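> how would this look folded up:
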Amino acid sequence: QLQLVESGGGLVQPGGSLRLSCAASGFTLVYYAIGWFRQAPGKEREGVACISSLDGNTYYADSVKGRFTISRDNAENTVSLQMNSLKPEDTAVYYCAANLDGECGRAYDYWGQGTQVTVSS
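Take a look at the predicted model:
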């Protein structure tokens, strides 16, 4: 069964850090572009970061640029999202997704169930 599972969410104070992980079972992430998305209550889902499989390029939403970093660990078959200097507006359910086209911005084939991130004092 092909599956993506996110982990690492939780409650953190403003200015703090969290590291989210996206793990795959049934397929190898290195061949897929991996995107991180988030959805806050009452808001549309937005793309946060993406890493392509073709050239390893990374892309970030303006709202997280300089604070979030997406990276691969091919040995562990995971993709991580390091989130620093967190703000209350980063509060959302975070999802990872994979597309076999290998390029960011294409339609995604697989989605995880999401992990909650809450930034609050």
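> find the residue at the geometric middle of the protein.
residue 36 (2.7 Å; Cα atoms, centre = their mean).
> in the sheet, which residues pair with that one? Tell me.
Per DSSP bridges, residues listed as beta-bridge partners of residue 36: residue 49, residue 96.
> show me the contacts for it.
20, 22, 47-50, 68, 70, 79, 81, 94-97 (Cβ atoms under 8 Å, 6 or more residues apart in numbering). The way it works is simple: take the backbone N, C-alpha and C, and place the C-beta from them, glycine included.
> buried ones in stretch 83-94, by neighbour count?
The neighbour-count check on stretch 83-94 (16 or more other Cβ atoms under 10 Å) flags 83, 86, 90-94 as buried.
> let me have the residues you listed in JSON lines, extended by pLDDT and distance to residue 106.
Below are these laid out as JSON lines (pLDDT from 0 to 100; distance: Cβ to Cβ, whole Å):
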{"residue": "83", "pLDDT": "98", "distance to residue 106": "24"}
{"residue": "86", "pLDDT": "98", "distance to residue 106": "29"}
{"residue": "90", "pLDDT": "98", "distance to residue 106": "25"}
{"residue": "91", "pLDDT": "98", "distance to residue 106": "28"}
{"residue": "92", "pLDDT": "98", "distance to residue 106": "22"}
{"residue": "93", "pLDDT": "98", "distance to residue 106": "22"}
{"residue": "94", "pLDDT": "98", "distance to residue 106": "20"}
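> would you mind listing the two of the residues you listed that lie farthest apart?
Spatially, the most separated pair among the buried residues of stretch 83-94 is 86 and 93, at 14.8 Å (Cβ to Cβ).
> before we move on, back to that, measure the residue nearest to the centre of the chain to residue 7 for me?
Applying Cβ to Cβ, to the nearest Å, the value for residue 36 to residue 7 is 13 Å.
> overlap in contacts of these two?
In contact with both residue 36 and residue 7: residue 20, using Cβ under 8 Å, 6+ apart.
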